[in-house]
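Participant: fold the stuff below for me.
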Amino acid sequence: MKKALILLVSLVFSCNSSQKTVTEKAEAKTTEKVSPTTYATSITENELKDHLYIYASDEFEGRETGQPGQKKAIEYIKAQYEELGVPAAKPNGDYFQNVPLEVSNLPTGKLSVNGKDFGIGDHVLTFGAAQNAFDNIVYIAYGIEDESYTDYGDLDVTDKIVLLKSGEPKNEDGTYKISGSTEPSIWSNMSESLTKRIQIAVEKGAKGVLYYDAQNFDRFKRRYQYMETNNSGRMELVDPNATEFYSLFIDQNLAEEIYPSINTDESGKILTTTLELNFESSNDKISSENVAAIIKGTEKPEEYLVISSHLDHIGISSNGEINNGADDDGSGTVSLLEIAEAFKLAADAGHGPKRSIVFLHVTGEEKGLLGSQYYTDYEPLFPLEQTVANLNIDMIGRIDPQREGDRNYVYLIGSDKLSTELHELSEEINAEYANLELDYTYNDENDPNRFYYRSDHYNFAKNNIPIIFYFNGTHDDYHRPSDTPDKINYDLLENRSRLIFYTAWEIANRNNKLVVDKATE
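Facilitator: Alright, predicted model coming up:
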């Protein structure tokens, strides 16, 4: 009995001692600073290459939005996450986020001003059906309204069509009224301001806008002519709550026909001009999907870092050639898969990220950033106000032939637009782990390419979510059948992917959320 008692006591103390040791080891593991290099090395040239030779193969038919090749693409991405054991972002276990789309076929018809006809495609452009008649038109100059300035005044535009022009007002000394200096505001930036002008008109109850922009009308016209030549309509998101609204682009001849003083008059007024819209079109419904997976955070699971790339490309050319899109954006897609694998290996080893990481593959980028717009504007899978940053990857497998300097580079766009902290963090992480040349050529506000507005990060940025856009620049194979996986520089793809992983690691594991010190209205 005594021996039994001694044995029992010995076992109790033995168990306590063992438990204490396990606990101490667990605590040590959670408090020690883990080097991300251990997991970054899992991102390799060979695995990136293996993925891309499949993903950018002819089997995927160019991955055009809503077409069979895009369906093969999403199934491939889903299968990779299932194999890695990275769960779906949606709580029901579905990796796919349905993105409702429709193609508005190019309309036919005319616009009539005081009985004078203007056929579509010449002096007036529109990309959807528009049938209505108006007894007058409300001229609202630049169509601007912000805290310090409004063009609307007391004008009621409810159920009216409004005429507005590009640009912004100036003082007599040549300074801009809105900025109060010689520097223009965002209202002089067509890429940013056009959507804002239209949105203001919508919010004020207008039925449509006639937009006069002499500088950019030819740009809209080239887009129209391309769609006309290629018999392709305009793909858009289906908004179940949308009301009928007309957006028409007019040239100088038509603008002056409607209002001869449009170039000089900056005061809003009602024009006693009759307008008839007779544009007919038909819409085709399209089914497409984003793919989203997640690794939940260990300490701050309700804060989210979104890493994104677009899964689509431009499909098959009219002559039957397949546009494989190895760089655009096969490179971003396979990079994202490898980054997800690295984070999963870390999580399996007990070093999961403090914040949740969402791996988001979006559709419809080539059709106008539609998949990312749906995610941010219609159905965020996770709250945007709890989304700390977006790292977007679009074309990181090649070398810009126009660039001079070290081949081991990457273009960074947008890192300093909203958060000084993000920019500084990005620089520091690169210096510590990757040592790439960070090239900010296309980050310049005056860059004519406007890349900041042309990939999926922009839909996050417009919601004041800090972003970094990783990019290698364009090349002669851009949007051509010759963008094939044999032309990818896999060593650079590895280096760039690892840099993104290191940056994501720091954002996900830092104590505090990134400070947004440059928020836009």
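Participant: which residues touch the host helix or strand of residue 422?
Facilitator: When secondary structure is defined using DSSP states H and E, the element that contains residue 422 is helix 420-429. Counting by Cβ atoms under 8 Å, 6 or more residues apart in numbering, helix 420-429 makes contact with 389, 412, 415-416, 438, 466, 468, 499, 502-503, 506-507, 510, 514-515, 517-518, all of which sit outside it. C-beta coordinates here come from the backbone N, C-alpha and C atoms, glycine included.
Participant: just checking, residue 506 is part of a strand?
Facilitator: No. Under the criterion used here (DSSP: H, G, I helix; E, B strand; the rest coil), residue 506 is helix, not part of a strand.
Participant: the helix or strand that the helix holding residue 422 is followed by: how far from the chain's middle?
Facilitator: Using DSSP H and E, the helix or strand that directly follows helix 420-429 along the chain is strand 437-439. Computed by Cα atoms, centre = their mean, to the nearest Å, the chain-centroid distance of strand 437-439 equals 22 Å.
Participant: list the neighbouring strands of strand 437-439 plus their orientation.
Facilitator: strand 409-413 (parallel) (DSSP bridges).
Participant: now the strand it pairs with and helix 420-429, what's the angle there?
Facilitator: Compare the direction of strand 409-413 with that of helix 420-429 by axes from the mean of the first three to the mean of the last three Cα atoms, to 10 degrees and you get 170 degrees.
Participant: mind saving the C-alpha coords of strand 409-413 as CSV?
Facilitator: Written as CSV, here are the backbone C-alpha positions of strand 409-413 (Å, rounded to 0.1, in the frame of the first residue of the first chain):
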residue,chain,number,x,y,z
TYR,A,409,13.9,45.1,-59.4
VAL,A,410,10.2,45.5,-59.0
TYR,A,411,7.9,48.5,-59.6
LEU,A,412,6.1,49.7,-56.5
ILE,A,413,3.0,51.8,-57.0
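Participant: for residue 308, phi and psi?
Facilitator: Reported as degrees, to the nearest 10, the phi and psi values for residue 308 are phi -130, psi 160.
Participant: quick one: the helices in this protein?
Facilitator: Along the chain, counting by DSSP state H, helices occupy 2-31, 37-40, 45-55, 68-84, 190-203, 217-229, 252-258, 332-348, 370-377, 420-429, 457-461, 490-509.
Participant: give me the contacts around the second one.
Facilitator: Counting contacts by Cβ under 8 Å, 6+ apart, the residues outside helix 37-40 that touch it are 342-343, 345-346, 351, 433, 498, 501-502.
Participant: can you do 6 Å?
Facilitator: Among residues not part of helix 37-40, those counted as contacts by Cβ atoms under 6 Å, 6 or more residues apart in numbering are 342, 345-346, 498, 501.
Participant: ok, the last one next?
Facilitator: The list of residues contacting helix 490-509 from outside it, by Cβ under 6 Å, 6+ apart, reads 36, 40, 43, 45, 48-49, 305, 307, 331, 335, 338-339, 342, 353-355, 357, 389, 391, 396-397, 410, 425-426, 429-430, 433-434, 436, 470.
Participant: so it versus helix 45-55, what angle?
Facilitator: Here helix 490-509 points in a direction 100 degrees away from that of helix 45-55 (the same axes, to 10 degrees).
Participant: the fifth one now?
Facilitator: Here the directions of helix 190-203 and helix 45-55 differ by 60 degrees (the same axes, to 10 degrees).
Participant: kindly export helix 190-203 (C-alpha atoms) in PDB.
Facilitator: C-alpha atoms of helix 190-203 as PDB (Å, rounded to 0.1, in the frame of the first residue of the first chain):
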ATOM      1  CA  MET A 190     -10.200  62.400 -65.400                       C
ATOM      2  CA  SER A 191      -9.500  58.900 -64.100                       C
ATOM      3  CA  GLU A 192     -10.500  59.900 -60.600                       C
ATOM      4  CA  SER A 193     -13.100  62.600 -61.100                       C
ATOM      5  CA  LEU A 194     -15.400  61.200 -63.800                       C
ATOM      6  CA  THR A 195     -16.800  58.600 -61.500                       C
ATOM      7  CA  LYS A 196     -17.200  61.200 -58.700                       C
ATOM      8  CA  ARG A 197     -19.100  63.600 -61.000                       C
ATOM      9  CA  ILE A 198     -21.400  60.900 -62.200                       C
ATOM     10  CA  GLN A 199     -22.000  59.700 -58.600                       C
ATOM     11  CA  ILE A 200     -22.900  63.200 -57.400                       C
ATOM     12  CA  ALA A 201     -25.400  63.500 -60.300                       C
ATOM     13  CA  VAL A 202     -26.900  60.100 -59.300                       C
ATOM     14  CA  GLU A 203     -27.200  61.100 -55.600                       C
END
